[in-house]
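[1] give me the fold of what follows.
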Amino acid sequence: MGLSRVSVTPAAAQWLARLQADHGPLLLHQSGGCCDGSAPMCYPLGDFLIGQRDVLLGHVCGSAWYIGGKQYELWKHTHLTLDVVEGRGSGFSLEAPRGIRFVISSRLFSEAEVQGLDEPARGPQPSDG
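    As a prediction, the model looks like this:
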């Protein structure tokens, strides 16, 4: 297995654990829209249908993290870290009613890291419920 494309801060990991306790298995999706559409969205597993063009970036805290195919092409050389801040995000994401929202920070992979990246899976995976 190659280098991970995603990670999570301790604070975001705590919130994912709380949401998993309340809602069961989760799925994260990073779309390419504007405003809240560019924020990572958190759903109960099975409530968001993964498309054939969506790309599986990896897993954080046992939850699959996908990105839209077009957005992936723009960000494929970027490592994403899930974090959490106070404030209300999109109403569709599970954390929104709790007064927090998930955000990402990013960094470009080095040339050496890019060489260690595996080609990610596309479309729904068997573990996506």
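[2] so what sits opposite the residue lying closest to Tyr72 once chain neighbours are set aside in the bridge?
    Of all residues not flanking Tyr72 in the chain, Val55 sits nearest, at 4.2 Å (C-beta to C-beta, 6 or more residues apart in numbering). C-betas here are computed from N, CA, C, even on glycine. Here Val55 shows beta-bridge partners Ile67, Arg122, assigned using DSSP bridges.
[3] thought Val55 was touching Ile67?
    Yes: contact status for Val55 versus Ile67: in contact at 5.2 Å, counting by C-beta atoms under 8 Å.
[4] show me what contacts the residue nearest to Tyr72?
    Tyr66, Ile67, Gly68, Gly69, Tyr72, Pro120, Ala121, Arg122 (C-beta atoms under 8 Å, 6 or more residues apart in numbering).
[5] show me the two of those that sit farthest apart.
    By the measure C-beta to C-beta, Gly68 and Ala121 form the most distant pair in the contacts of Val55, at 14.4 Å.
[6] higher neighbour count, those two?
    Counted by other C-beta atoms under 10 Å, Gly68 and Ala121 do not tie: Gly68 has more neighbours, with 19 against 14.
[7] contacts only, for that one.
    The contact partners of Gly68, taken as C-beta under 8 Å, 6+ apart, are His29, Gln30, Ser31, Gly32, Gly51, Arg53, Asp54, Val55.
[8] per-residue pLDDT of it, please?
    pLDDT recorded at Gly68 is 92.
[9] and Arg18, by the same measure?
    Looking at Arg18, its pLDDT stands at 96.
[10] same check, this time on Glu111
    93.
[11] one more: the one 3 residues further on?
    pLDDT, the model's per-residue confidence, is 91 for Val114.
[12] can you report how many residues neighbour it?
    12.
[13] now for it: which residues touch it?
    Val114 makes contact with His77, according to C-beta under 8 Å, 6+ apart.
[14] surely it forms part of a strand?
    No: using DSSP: H, G, I helix; E, B strand; the rest coil, the secondary structure at Val114 is helix, not a strand.
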